[in-house]
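Engineer: A predicted structure for the sequence below; I have some questions about it.
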Amino acid sequence: METNSNNSSEENVLKELASKKVVKLKSFYKHTFLYAAAMILYVLKEYTELPLNFFPIHFLNGVVVIIWSAVYVGSAIDMFVSFKIFGKEWEERKLRSLLEKKNRTQKWE
């Protein structure tokens, strides 16, 4: 009976970790799409004769592009390097330690 409880709590933790990864990856993909669109607009604004001086694009200048590029590279490094450093083995060890800690705090009578 205890093994069913252990398996279900382990499955719940795994589902929670997986959902957090999916949300983080989805956010990164949205950021990538916005970044690509902004870079296309910036290049069109700076290097063509198109009249792209309406409200949001008017403030898209070199400083904003440099800062946004740095933030994007940082989030890409965070996304992909953290998956390599904190791989499957680390997740399994952390999951076991969390479950052990949870089992130690619960007192069954």
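Structural biologist: Arrived safely.
Engineer: mind checking how far residue 96 is from residue 13?
Structural biologist: Using C-beta to C-beta, to the nearest Å, residue 96 is found at 10 Å from residue 13. (Each C-beta comes from the backbone N, C-alpha and C, glycine too.)
Engineer: what's the answer for residue 21, then?
Structural biologist: Noted for residue 21: a distance of 13 Å to residue 13, by C-beta to C-beta.
Engineer: The protein: strands as residue ranges?
Structural biologist: Using DSSP state E, no strands are found in the chain.
Engineer: Which residue ranges of it form helices?
Structural biologist: Remark: helices assigned in the chain by DSSP state H are 2-47, 55-58, 62-85, 88-105.
Engineer: In TSV, list those helices along with mean neighbour count.
Structural biologist: Formatted as TSV, the helices of the chain follow (neighbours: other C-beta atoms under 10 Å):
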stretch	mean neighbour count
helix 2-47	12
helix 55-58	10
helix 62-85	12
helix 88-105	11
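Engineer: Cheers, nothing more for now.
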